[in-house]
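J.: The sequence and its predicted three-dimensional model are supplied below.
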2 protein chains.
Amino acid sequence: KPGSVLQVDALTDEILQGNRSALAKGITLVESNAAHHFREAQSLLQKLLPSSGKSIRIGITGVPGAGKSTFIEAFGVFLCGLGHKVAVLAIDPSSTVSGGSILGDKTRMERLSRQPNAFIRPSPSGGKLGGVHRKTRESMLLCEAAGFDVILIETVGVGQSEVAVREMVDFFMLLVLTGAGDELQGMKKGIMELADAIVVNKADGANEPVAEKTRLEYKRIIHFLQRSTPGWDTKALSCSALTGKGIPEIWTVVRNFRDAVEESGVFGERRKEQIRDWLHTVISDHLHFSFYQNVGVKSLLPKLEKDVLNGEKTAAGAADELFEVFYKR
Amino acid sequence: KPGSVLQVDALTDEILQGNRSALAKGITLVESNAAHHFREAQSLLQKLLPSSGKSIRIGITGVPGAGKSTFIEAFGVFLCGLGHKVAVLAIDPSSTVSGGSILGDKTRMERLSRQPNAFIRPSPSGGKLGGVHRKTRESMLLCEAAGFDVILIETVGVGQSEVAVREMVDFFMLLVLTGAGDELQGMKKGIMELADAIVVNKADGANEPVAEKTRLEYKRIIHFLQRSTPGWDTKALSCSALTGKGIPEIWTVVRNFRDAVEESGVFGERRKEQIRDWLHTVISDHLHFSFYQNVGVKSLLPKLEKDVLNGEKTAAGAADELFEVFYKR
C-alpha cells in the first residue's frame, strides 16, 4: 500500500535528506486528486511544514517565445555554480502531464537537469478551479523542506496564473523581448505592475543595441506605473541566456531586493499575507468545486444561464433555484 | 404589509411610468437584506427585466478629490438639457446609509437633484462580501425600467470596486487632476487600463495650461497601455466642471464609442458577458456568505487561521476541519 503511515514517515525522512526522487514522489502524492491520497498528503505536508519557508521564491513570467526556459536554465546553472540548490516549478495550464513523467521538461532544460543540485518539475493543470495554484504552493513547501533554497516558478504571461504566482512568491520577474511596442500588445493588462524587475532577454550579438534601447524604453514606462513591492523601485535589466551576460547582475538585484524588504518588514508581512490567502483560496476552491460539481447544479445550470441571458430570469432568481437543488443533496 | 403581491404590482406600474419615489422605494426593496423582502424584490425585478437594458451605462472613477461629484453634476445637468433622463448611482464602500435618506448626496449635487429628469441614489455598502455590486447592478435595471437612458455609476478609485464597476458598465471613465506624476502614486494598479477615457478635470482659469500638459502626459502613457475595450483607443480629454468647457466633447466621445462598439459587436458581447458574470457573482457571494456566516466556521476560523500562520497546520488541513463543521449544520 503506497499510503501507509510507515511509508509517509519514510518519505518524510527521505525528503528532509534532500532525496530528489522522494521529493518527486511527494509532489505526486500532493498533486493527486484521489480522495484516498488526501490524508497521506496532508500528513506529509504537516510533517514537512516546520522545515519549509527558508528559500527565496522567484516567479518568472513572459509571453510565449520570451525565452523563459533558456533563461531559467542559464540562471539555474549559474546559481548551482554558486552552491545553491535550485528547484524549478513550471505552471502550464495547457499541460496534461499527470505527474511522473517530466521527460518534456528535462529535454527543455538539459544542462540544468544534469546538475546534482537542481530539481525540475512541471505542475500539471489541476482543472479550471485554481487547483493548480494550491498545488504549486504545496510543491514549493516540499522543495524547501528538501533543502532547495532558490525556488523558480515559471508561468506563461497570458492567463490568470501570473497573478496567482505573484501572490505566492517573494520576487516577480517579467521576461521580455526587444521591441517593446509590439510585444506590449500581447501582454496581459497590468502585468508590468506585478513585476519587481523587467528583464530584456536575448541581449546578444547584433541584438545588443536594440536590447539596450528596449531596456531604456521599459525603464521610462516603469516610471509611470505603480510599484509591485512597497519601497522597491522596479528595475529594468537585460541579459543573454545564450552568453550568460547580465545573469550575475540579476542575482545581485534579487539579493538586494531581499535585503531591502527584509529590513523594511515587507518580506515577513507579505509571507504572512500569502499564508492567509492560501487558506482562503483553498476554502474558495472547495466551495466552488462542490457547487459546480453537484449533479443537480450541473444539469440545471445551462438552462438557467440561458434564461438569465435572455432576460427571462434574474441572476438572483436563477441562483436561488440552483441553491435549492444544491442544498437538497 | 409592504410586500404583498398587489403592492409589488402597483410598484411595478409606477416605476414603469417613471415615478421617482416609486423607483427609490423599489431600490430600497432590492437593497434590503431582510429575508422576507427577497421574494418581493425578485418578483419586482422579474417584472421589470424586459424593460431594462435600454441605456448607456457609464462608470466614473477617480481618487478622492478628483472632483467626481462636481463633474457628475455638470455632466448630468448638461445631459438633462439635451432631454436625457439621467440616473446617478454612487457606490461608497464607506457609506452606512441604509436606504431612504439621500440628503447627503442631494446636498452634494444640488443643481442636478433639482432637475425633473434626474435621479440620484447612493448605494450603501452591502458588507464585505460583494453585495454592494450585485445591488448596484439590480438598481441599474430598475432605473432603466423607469426610463432613465443614461446611467452614471460613481465609484472611488482606491479599492476593489472599480473592477466590479468596469464589469457592469459600457463605458468607463477615469477622472484625474493636473500633475499626473504625483497623483499616479495614489492610484490603484492597472486602473488606467480599465478606462475608455481619461478626463483631466478642473481645466479652468490659471490651471488650464497645466491641465493641457497633464492631458498630453496621459495621452503618452496610454500609448503604452492595453486598451480597455477591443477596437477602441482610450481617449485623453480635459474639462471644467466649473465652466462647463469640454463637457459636450465628452458626451460626443461617449456617443462615438457607442456607435463603434455597437457596430463591431463588442457592445452586445460585453453585455452578454456581464449578465453571465452577474449570475456567477451572485452564486459566489452566496457560497462565501453561507460559509463565513456559519456559526461553527465563525468560532473556529480565528484559531485555525493562527495555526496556519504559525506553520502548525497546512491550509488544506485547516480548511478540512472547517468544512467538517460546515457540512454538519
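T.: Perfect, thanks for sending it. For clarity, every value in this text was computed on a predicted model and none was experimentally measured.

J.: From now on I want contacts and neighbour counts done on CA atoms only, so please keep to that.
T.: Fine.

J.: How much space separates the closest residue to residue A:170 other than its chain neighbours from residue A:136?
T.: Distances taken as Cα to Cα, 6 or more residues apart in numbering or on different chains put residue A:57 closest to residue A:170, at 5.2 Å, once the chain neighbours are dropped. Look at residue A:57 and residue A:136: by Cα to Cα, to the nearest Å, they are 12 Å apart.

J.: Which residues are in contact with the residue nearest to residue A:170?
T.: Residues near residue A:57 by Cα atoms under 8 Å, 6 or more residues apart in numbering or on different chains: A:150, A:151, A:152, A:153, A:168, A:169, A:170, A:171.

J.: So what's the residue count around the closest residue to chain B within the stretch 51-200 of chain A?
T.: The minimum distance from the stretch 51-200 of chain A to chain B, using Cα to the nearest Cα, falls at residue A:190 (5.0 Å). The number of residues packed near residue A:190 is 19, by other Cα atoms under 10 Å in any protein chain shown.

J.: Could you tell me what pLDDT the model assigned to it?
T.: Confidence at residue A:190, expressed as pLDDT, is 71.

J.: I'd guessed it sits against residue B:190; true?
T.: Yes - counting by Cα atoms under 8 Å, residue B:190 is a contact partner of residue A:190 at 5.0 Å.

J.: all strands of the stretch 151-300 of chain A, in order?
T.: A:171-176, A:197-200, A:235-238 (DSSP state E, counting those that start in this stretch).

J.: partner strands of the second one, parallel or antiparallel?
T.: Using DSSP bridges, the strands paired with strand A:197-200 in its sheet are strand A:171-176 (parallel), strand A:235-238 (parallel).

J.: Which of the contacts of residue A:57 ranks first by neighbour count?
T.: Highest neighbour count within the contacts of residue A:57: residue A:153, with 28 neighbours (other Cα under 10 Å).

J.: residues in contact with that one?
T.: A:57, A:58, A:59, A:60, A:88, A:89, A:90, A:91, A:165.

J.: Flag every residue of the stretch 201-329 of chain A that's near chain B.
T.: Counting by Cα under 8 Å from any Cα of the partner chain, the residues of the stretch 201-329 of chain A close to chain B are A:221, A:224-226, A:272, A:275-276, A:278-279, A:282-284, A:287-288, A:305, A:308-309, A:311-319.

J.: what's the answer for the stretch 1-150 of chain A, then?
T.: Residues of the stretch 1-150 of chain A lying near chain B (Cα under 8 Å from any Cα): A:42, A:45, A:46, A:49, A:50.

J.: The last one touches residue B:311, doesn't it?
T.: Yes - shown here, residue A:50 and residue B:311 form a contact pair, counting by Cα under 8 Å, at 6.4 Å.

J.: Settle it for me: which of these two has more neighbours?
T.: For residue A:50 versus residue B:311, neighbours defined as other Cα under 10 Å are more numerous around residue B:311 (18 against 15).

J.: where does that one land in three-state SS?
T.: With DSSP: H, G, I helix; E, B strand; the rest coil as the basis, residue B:311 sits in coil.

J.: What separation do you get for residue A:29 and residue B:259?
T.: Shown here: residue A:29 relative to residue B:259, a distance of 55 Å by Cα to Cα.

J.: So for the two, which residue has more residues nearby?
T.: residue A:29 (21 against 12).

J.: what's the nearest residue to the more buried one if we skip its chain neighbours?
T.: The shortest distance from residue A:29 to any non-neighbouring residue, by Cα to Cα, 6+ apart, is to residue A:41 (5.8 Å).

J.: From the chain's centroid, how far away is the host helix or strand of that neighbour?
T.: Assigned by DSSP states H and E, residue A:41 falls within helix A:35-48. The chain centroid and the centroid of helix A:35-48 are separated by 21 Å under Cα atoms, centre = their mean, to the nearest Å.

J.: With stretch A:254-264 instead?
T.: The answer for stretch A:254-264 is 21 Å, by Cα atoms, centre = their mean.

J.: And the contacts of that stretch?
T.: A:171, A:231, A:232, A:267, A:268.

J.: Going along the chain, name the helices of chain A.
T.: Assigned helices in chain A, in chain order: A:5-16, A:20-31, A:35-48, A:68-81, A:103-108, A:110-113, A:131-145, A:161-166, A:180-186, A:208-222, A:247-264, A:266-292, A:295-309, A:315-326 (criterion: DSSP state H).

J.: who are the neighbours in contact with residue A:30?
T.: A:37, A:38, A:41, A:42, A:135, A:138, A:139.

J.: From residue B:314, how far off is it?
T.: Look at residue A:30 and residue B:314: by Cα to Cα, they are 12 Å apart.
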